[in-house]
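# Using only what follows, build the 3D model:
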Amino acid sequence: MLQAISLSKNYGSYQALNQLNLTVNPGEVYCLLGQNGAGKTTTINLFLGFIEPSAGKILIDNEEISASDDQRRKHLAYIPEVVMLYGNLSAIENLDYFSKLAGFDYSEAELMKFLSNCGLQEAAHHKHLAGFSKGMRQKVGIAIAVAKNAKIILMDEPTSGLDPKATAEFTELVKKLASEGKSILMATHDIFNAVSLGTHIGIMKQGELIHTLLASEISASDLQELYLQTI
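Numbers count the residues shown, from 1 in each chain. Take a look at the predicted model:
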């Protein structure tokens, strides 16, 4: 569903990403680990079309996609570290607005079902987002991704700043999305969450993908040791 082929990004003489080859199939959660500056966010920004590659290809659903291609917006959804929604609108108003931008017009009952299925309590559906916690805002962001029927969900440090309960809720929600056939690429610093949540794990350093692992074949402690040796 999502593929990078020899993907590179240069800023003058600085190489932010070097010959990245990466594939995320339907139902997979691919967790990218690495220090700040390793190339994780650059990778996500290239997939999103926020920046243009210096070399290489991006394929979505087996079709090469340019930075300006509308197919990218159709298939992709993005959950950043801080979900940027309208604080003066309620959860249901935000969901309705962004769903309509994506070409969908849902009834109020349908919108409420999306929010409930993403773990947001009904009592919060009509409350302004200005008073929401980060975990609650993430649930609205994921509901937007589901409502727009995105096949691919990109996430950048989504568990940063979440308490253990919110992290556990987020993990279960992502597993549910994967079980429904979504392709998920997540940049993270959370080694233990990568093992419990991911199907595949990549370790990046200085713009290169150094290791690619199956999460089922490595423990959190072994991954931590490998990660520390790599960086």
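# use CA for all of it now, contacts and neighbours both
Noted.
# In this structure, where is pLDDT below threshold?
Under the criterion of pLDDT under 70, the regions of the chain flagged as low confidence span 67-73.
# Figure out the helix or strand that residue 96 lives in.
Assessed by DSSP states H and E, residue 96 sits inside helix 91-101.
# quick one, the helix or strand following that helix and helix 91-101 angle?
Scanning forward in sequence from helix 91-101 by DSSP H and E, the next helix or strand is helix 108-117. Orientation note: helix 108-117 sits at an angle of 110 degrees relative to helix 91-101 (axes from the mean of the first three to the mean of the last three C-alpha atoms, to 10 degrees).
# Give the buried residues for helix 108-117.
111, 112, 114, 115, 116, 117 (16 or more other C-alpha atoms under 10 Å).
# send the alpha carbons of it over as CSV?
Coordinates of the C-alpha atoms in helix 108-117 are reproduced here as CSV (Å, rounded to 0.1, in the frame of the first residue of the first chain):
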residue,chain,number,x,y,z
GLU,A,108,-24.9,13.5,13.2
ALA,A,109,-25.5,9.9,14.3
GLU,A,110,-22.8,8.6,11.9
LEU,A,111,-20.4,11.2,13.2
MET,A,112,-21.1,10.2,16.8
LYS,A,113,-20.5,6.6,15.9
PHE,A,114,-17.1,7.4,14.4
LEU,A,115,-16.1,9.3,17.6
SER,A,116,-17.4,6.5,19.9
ASN,A,117,-15.6,3.8,17.9
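# just the strands in the chain please.
Remark: strands of the chain, listed N- to C-terminal, are 2-11, 14-24, 29-33, 55-60, 63-64, 76-79, 152-156, 183-188, 200-205, 208-214; assignment by DSSP state E.
# Residue 227: which of those strands is closest?
Nearest to residue 227 among these is strand 200-205; the distance by C-alpha to C-alpha comes to 7.0 Å.
# Packed most tightly, which of the strands of the chain would that be?
strand 29-33 (a mean of 27; mean count of other C-alpha atoms under 10 Å).
# Pairing partners for that strand, with directions?
Each strand that strand 29-33 pairs with, and the sense of that pairing, follows from DSSP bridges: strand 183-188 (parallel), strand 200-205 (parallel).
# a markdown table for those strands, including distance to residue 14?
Shown next, in a markdown table, are the strands paired with strand 29-33 (distance: least, C-alpha to C-alpha, whole Å):
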| stretch | distance to residue 14 |
| --- | --- |
| strand 183-188 | 21 |
| strand 200-205 | 14 |
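# if we can go back for a sec, using a markdown table, lay out the strands of the chain together with distance to residue 163.
Listed next are the strands of the chain as a markdown table, based on distance: least, C-alpha to C-alpha, whole Å:
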| stretch | distance to residue 163 |
| --- | --- |
| strand 2-11 | 30 |
| strand 14-24 | 28 |
| strand 29-33 | 20 |
| strand 55-60 | 34 |
| strand 63-64 | 39 |
| strand 76-79 | 18 |
| strand 152-156 | 17 |
| strand 183-188 | 15 |
| strand 200-205 | 23 |
| strand 208-214 | 27 |
